[in-house]
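S.K.: output the structure for:
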Amino acid sequence: MDIDSSLKIGRLLDTYGDLLTTKQMQICKYYFFENLTLAEIGQILGISRQAVNDCIEKSTKMLNVFEDKVGKLKLINDIIDLSRIQEELYNIDIMEHEIVFFVEDLALSMKEYMKLKE
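M.R.: Sure thing, here's the model as predicted:
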């Protein structure tokens, strides 16, 4: 994993780490913050290198899903924030959209997160 990817995951862990299980967070901290190898982490926790690797892969996928979904929610909040509009921080091009479809699509997209959480 390159340095940029590691930094991104570190930032995501700081932001969304509480949404991971305790074991996932512990393994990710060892790997990304303490720079331990898969073998070292496996030895500490009494699990295989493959189990450590699988956990890291699953956790990073989940963190990216969190970022994607929360990023969309932040976008919705920013769009709705009238004070920002009034301060002319946004140029508004009013169009008719089906907000129910958008919110439903966002909710259904959380299925991926729920599958990863299992």
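
S.K.: which is the next helix or strand following the lowest-mean-pLDDT helix or strand in the chain?
M.R.: Least confident helix or strand, the chain: helix 82-86 with a mean of 63, by mean pLDDT, DSSP states H and E. For helix 82-86, the succeeding helix or strand toward the C-terminus, using DSSP states H and E, is helix 99-109.

S.K.: so what's the gap between that next one and the chain middle?
M.R.: Offset of helix 99-109 from its chain centre (C-alpha atoms, centre = their mean, to the nearest Å): 19 Å.

S.K.: mind giving me the packing neighbours of it?
M.R.: For helix 99-109, the helices and strands in contact under the criterion 3 or more C-beta pairs under 8 Å, 6 or more residues apart in numbering; DSSP states H and E are helix 49-80. Using the backbone N, CA and C atoms, a C-beta is placed for each residue, glycine as well.

S.K.: and the angle for the helix it packs on with helix 99-109?
M.R.: 170 degrees (axes from the mean of the first three to the mean of the last three C-alpha atoms, to 10 degrees).

S.K.: next up, the contacts around residue 16.
M.R.: Applying C-beta atoms under 8 Å, 6 or more residues apart in numbering to residue 16 gives the contacts 63, 66-67, 70.

S.K.: repeat that for residue 26.
M.R.: Counting by C-beta under 8 Å, 6+ apart, residue 26 makes contact with residue 45.
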